[in-house]
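S.K.: Got a predicted model here, sequence first, then my questions.
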Amino acid sequence: MALLPLAGQTCVQTVSLSGAYTVGGIATQNPDGSFDMPTTSTGYSVVTLTPTETFTFSQLTSLSVNFTALAGGSTAG
Amino acid sequence: MNFTNGKALLIYLGDSPSFIDNDTQLDAYSGFNVIGNNDSGRYDTATGLLGGSPSTTYSAAGVGALALAGSLTVANIQYVEDPTYGQHETLFSIGGAAQLACPEDAFQLRYVSNLGVGDSVINISNDGASSSGTTFSPGGNLCVGVYSFDENEELLSCCSCFVTPNGLANLSAQAINATSISGGTTTSSVIKLLAFQGTTAASCTGATISSTASPLASGLHAWGTTVHALPVYWLHRH
C-alpha cells in the first residue's frame, strides 16, 4: 500500500533570498563582506544579487535592503 | 530588478513621493519591505519597458508592479545608487523571501497500528526525479525526515534516512517508536515523511530543514504494511 501523497493540495515552501553577489561601477567589497558604495558626479555604484532559486515577482513575499547611509549630502534611494 | 525576458522593474527607497532624503531619513528604509507597498511612486513600471507608469505602486490596477511583472521570472536584483545626489552607503545584504510550490510527492503519510502484536514496516525509495546529471552518479539524493506521532497527536520520534536514486530503505515502526523523544510508548501512530535535498548521509538530519540548503525535493516513493486483526465472521445455522 503506497503512502498517501498530497496530490491536489496546495503546498508551498518559503525560501530565503540567497545567491551570488557581484559589484559594478565603483562599488567594492569590504573585507567583512559588506559593500562600499560611493558615488561621484560621473560614477555610480551597483551591487547585484543573482538568486539561487528560480521564482517570479509575484512569489516574492518580502524584499528589503540592509544598509547604512554614510554622512554626506542628500540621498535618493 | 531584472527579469529573464530582459525587462526591468525599478523600486525606489526613501520617503514617497520625492525619494530625496538625508542620511537619517534614508536609514529608516534599511530592512524596509517593499513587497506589497503602495506608497505613491515607489514603483516604476515604465523605464524598464514593462509598459506601465514611471510613478506607480505595487498593486495599482493595470500599471502596478504586480499587474505587469507578477508573472515574470526574476533574473537578478540590483541595488543601485544614483550619483545625482552624492550618495555614499555601506550595503550589508539584499534580503527577502519567496513562496515556491512544493513537489507534491515530498510529503507523505500513513498510519501503523497494533504495534503491540506485531511490527509494521515502511519502505522508502527514490525514483531519481531530482537528478540533474546523465552520468552513473547524477545526484538527486534525498534526505527523508521520518516523524512519528502518537495517539495524542504528539511527536513521538524523529529520524532521517539518506536515500540515493534507486535506493531502498526499510524502517521498522517498532524501532522508530523505540527511540521515543518523550519516553512514552504507543501501539499505533501516524508516520509522516518529508523528502528534501540531500548531499551526504552524514549531513542528513530531519531535525533541521533549511529552505535554501536543503529544499523539499521530488522523487520520494514509500509503501507501508501494518497489522490488523482478522475480521470475525458469524456463521448462522438455519
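M.R.: Received the coordinates, thanks.

S.K.: Would you mind listing the buried residues in the helix or strand that A:Val23 is a member of?
M.R.: Secondary structure from DSSP states H and E places A:Val23 in strand A:19-25. Neighbour counts over strand A:19-25 (16 or more other Cβ atoms under 10 Å in any protein chain shown) mark A:21, A:23, A:25 as buried. Every residue, glycine included, has its C-beta placed from N, CA and C.

S.K.: do the same with stretch B:65-76
M.R.: Those would be B:65-69, B:72, B:74-76, for stretch B:65-76 by 16+ other Cβ under 10 Å.

S.K.: contacting residues for the closest residue to chain A within chain B?
M.R.: Nearest residue of chain B to chain A: B:Leu13, at 2.8 Å (Cβ to the nearest Cβ). Neighbouring residues of B:Leu13 by Cβ atoms under 8 Å, 6 or more residues apart in numbering or on different chains: A:65, A:77, B:19, B:26, B:29, B:32, B:34.

S.K.: switch to 10 Å and redo it
M.R.: A:64-65, A:67, A:75-77, B:19, B:21, B:26, B:28-30, B:32, B:34, B:42, B:79 (Cβ atoms under 10 Å, 6 or more residues apart in numbering or on different chains).

S.K.: re the thing from before, among the buried residues of stretch B:65-76, which pair sits farthest apart?
M.R.: B:Ala67 and B:Asn76 (21.7 Å; Cβ to Cβ).

S.K.: quick one on the thing from earlier: considering the buried residues of stretch B:65-76, which is situated nearest to B:Val163?
M.R.: The closest of the buried residues of stretch B:65-76, once distances to B:Val163 are taken by Cβ to Cβ, is B:Val74, at 31.9 Å.

S.K.: Bridged to the closest one, which residues?
M.R.: B:Phe3 (DSSP bridges).

S.K.: same question, B:Ser148
M.R.: B:Ser157, B:Ile191.

S.K.: I'd say it and B:Lys192 touch.
M.R.: Yes - counting by Cβ atoms under 10 Å, B:Ser148 touches B:Lys192, with 7.9 Å between them.

S.K.: Give me the common contacts of the two.
M.R.: B:155, B:158.

S.K.: Look at the two and report which has more neighbours.
M.R.: Taking other Cβ atoms under 10 Å in any protein chain shown, B:Ser148 and B:Lys192 do not tie; B:Ser148 has more neighbours (23 against 17).

S.K.: on that earlier part again, following the chain onward from the strand holding A:Val23, which element is next?
M.R.: strand A:28-29.

S.K.: so who does residue 44 touch?
M.R.: All of this refers to chain A. A:Tyr44 sits in contact with A:24-27, A:37-38, B:80-84, B:87, where contact means Cβ under 10 Å, 6+ apart.

S.K.: not quite, I wanted chain B
M.R.: B:8-12, B:50, B:52-56, B:65.
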